[in-house]
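**Student:** Here is a sequence with its predicted model. Questions after.
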Amino acid sequence: MVAKQGFQNEKKSKGFSKWLKSRKGQEAIVIVTFMLIPLLLLFVFTYLPFAEMFRFSFFKMKYIGEKEFVGLDNYIQVFSRDDIFGALKLSLYYMAGSLVQLAIALYFASVLSFKTKFGSFFKGAMFFPFLISGIAIGFIFKFFYTRGFVFDTILQMCGFELDNLPYWLKDQGINNISLVATSIWRYFGQNMVLFIGAIMSVDAEMYEAAQLDGANKWHQFKYIIMPSIRTVITLNLILSISGSLSAFDPPFVITKGGNGTATYFVIMNEIAHVTQKVGLASAMAIVLFIIIIILTILQKLFFKYAFNDGTEDNGKKRKEIKTAKGVK
Amino acid sequence: MNVMLKFRKIFFTFFKYFTLVFFTFVAVVPIISCVITAFKTDEEYAATNVMEMPASWLNFENFKGAWERANLGLAFVNSTIVLLCVLTGSIMFGAMLAYILSRFKFPGNGLIRNLFLFAALLPGVAMQVSVYKIMTSFGLINSLPGYIILMMGTDVISIYVFIQFFENIPVSLDESAIIDGASYFTVFFKILFPLLKPAIVTCMILKGVATYNEYYMANLYLQDKSKLVVVSTSLYTFTGPLGSQYNLICAGLLMTLLPPFVIFVLCQKQIYSGLTSGAVKG
């Protein structure tokens, strides 16, 4: 009996090793070995923390020490504390900023896609800020906006009186605009490069044909450039909404959230790592995350219905985005 | 009529170059002001207007001072280590995963793609609340390898760049190699991986810039600034009592900007095209 079982096991393992050598077996091996590490990393540093964060949001706790279950208390605090939920209002500044940013980027993309003297110099100079780290940008603009320093000096050269100028980072009427401006400064060149890429993907003959037909620059912009980059623009518009909600860098590095510039995430960071109210910070993260999920679903629906006119170019673009989004 | 047209053309050309020059000025002035300030001595900095040229463009004292204060030598060494490991890791794993996802049909393929996409939606700063706790329990706070592993694990864009690229390589290429008796590993490492070169360059640029500039997590997880300083966190030295000595700060800042600047000047084209192909996702 025992011997028989042993024999069977052997047969099984023989079958297994044979299976391993077969094409299907090889396939399984390569799938498992190639995906093991990336999936492990994804699980440990994304999904595990996400699940933990969800759990933490129901506790009153610090990083070390006792936990106390408080139910929905943290969530109630998120919505009732003025400083937290009110901070989301600041994202309106960032949303407006990203509209300005897209408009500037679009203008220069359509200018620089055509022959321009020193075109690549202009393009490079406007793009370079994108390669600067957030912390360096923080220093650059603290210096730039300090009373009597760079910005004030330039304005004085243009004939403004120093006494009439506000404190760019202190006056609550203007400081959020100053911060948003740094964000525009950092990203408009990058947006521009993206748009140029999309415009360049249009067949150059289209422009020649249009010119022969007597179309002026505005017509070219409206009928050739716009349709070809509509998808990229829409995508960027939508991304900018969730980007505005999670605005963090400019206030974090320039003002540390002082003088009414603390965005939602700056407050969350403070609560999480300075006062160490981990539960409350987790609840804040979850709330914002739910908002972002809702926006993303809306965006998917929007894409599904907004781009159904079936012109060839659009169809291609849509497919690209779908592939990139993994919907396929 | 002709005169009118000509006038319009001149006006638009003027407008075009005016806006170009103006915005280029806006883009470079904050940086130029740093360059000017970095060459000023302490006395000069205190006495002169910020936009006034320094007395000597050869005054490298601030650069020396900032290099020492911010421990930039060590910072560059650490950043290089981080960059090498993170880029190797994320490119290898990204390409391997993309190979599996684009070449094999198995249950869960779509699910895995979506898991990675969903992960990209989670705002990074927010996630650190609980990642911090997990890192603590692994003992990975204040550990360079810990930071490297963390940076490797979160890259969706490169996976998608690779997947797009794989979809443009004909499957018949792998199939004929398999028929010739090659294993899947040989197919991947010997045949497909070398073909991925353009995609690899794209990912190296995108991920390289992001890693070099990343400072939030570096600041959070590499707290021992005397040993584990990286380039992005080295600048934090200047937030303390040196907070207003901008001639020193600007010098330090410019040194950290130099590597990206050199790379940008050398491979502008690749950076632009890399961005365009990597950004369909955003």
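**Tutor:** Everything's here; your move.
**Student:** Every contact and neighbour count from this point should use C-alpha atoms.
**Tutor:** Will do.
**Student:** Return the residues of the stretch 101-250 of chain A in contact with chain B.
**Tutor:** Counting by Cα under 8 Å from any Cα of the partner chain, the residues of the stretch 101-250 of chain A close to chain B are A:108, A:111, A:122, A:124-126, A:128-129, A:131-136, A:139-141, A:143-144, A:149-150, A:153, A:185, A:193-194, A:197-198, A:232, A:235-236, A:239, A:246.
**Student:** what helices or strands is the helix or strand that B:Thr233 is a member of leaning on?
**Tutor:** Per DSSP states H and E: B:Thr233 is located in helix B:231-234. If you count contacts as 3 or more Cα pairs under 8 Å, 6 or more residues apart in numbering or on different chains; DSSP states H and E, helix B:231-234 packs onto helix A:134-145, helix B:72-103, helix B:197-213, helix B:216-221.
**Student:** which of those is buried the deepest?
**Tutor:** Counting by mean count of other Cα atoms under 10 Å in any protein chain shown, helix A:134-145 has the highest mean neighbour count of those, with a mean of 22.
**Student:** Let's check: the centremost residue of the chain is which one?
**Tutor:** Assuming you mean chain A. Nearest to the mean C-alpha position of chain A, by Cα atoms, centre = their mean, lies A:Gly243 at 4.9 Å.
**Student:** Sorry, I should have been clearer: chain B.
**Tutor:** By Cα atoms, centre = their mean, the most central residue of chain B is B:Val209, 1.1 Å off.
**Student:** Output the below-cut-off pLDDT ranges for the chain.
**Tutor:** Using chain A. A:1-14, A:306-328 (pLDDT under 70).
**Student:** my question was about chain B
**Tutor:** For chain B, applying pLDDT under 70 flags the ranges B:1, B:154, B:242, B:278-282.
**Student:** Can you check which of the helices and strands packed on helix B:231-234 gets nearest to B:Asn49?
**Tutor:** helix A:134-145 (12.7 Å; Cα to Cα).
**Student:** Restricting to C-alpha, output the closest one in CSV.
**Tutor:** The C-alpha coordinates for helix A:134-145 follow below in CSV (Å, rounded to 0.1, in the frame of the first residue of the first chain):
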residue,chain,number,x,y,z
GLY,A,134,10.2,70.7,-6.1
ILE,A,135,12.4,71.6,-3.2
ALA,A,136,14.7,73.7,-5.5
ILE,A,137,11.7,75.4,-6.9
GLY,A,138,10.8,76.2,-3.3
PHE,A,139,14.0,78.0,-2.7
ILE,A,140,14.0,79.7,-6.1
PHE,A,141,10.6,81.2,-5.5
LYS,A,142,11.1,82.1,-1.8
PHE,A,143,14.0,84.1,-3.1
PHE,A,144,12.0,85.4,-6.1
TYR,A,145,9.1,86.7,-4.0
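**Student:** That helix: what's the following helix or strand?
**Tutor:** helix A:150-157.
**Student:** surely B:Ser277 meets B:Val161?
**Tutor:** Yes. Taking Cα atoms under 8 Å as the definition, B:Ser277 is a contact partner of B:Val161 at 7.1 Å.
**Student:** now B:Val21, nearest residue through space, not along the chain?
**Tutor:** A:Phe122 (7.7 Å; Cα to Cα, 6 or more residues apart in numbering or on different chains).
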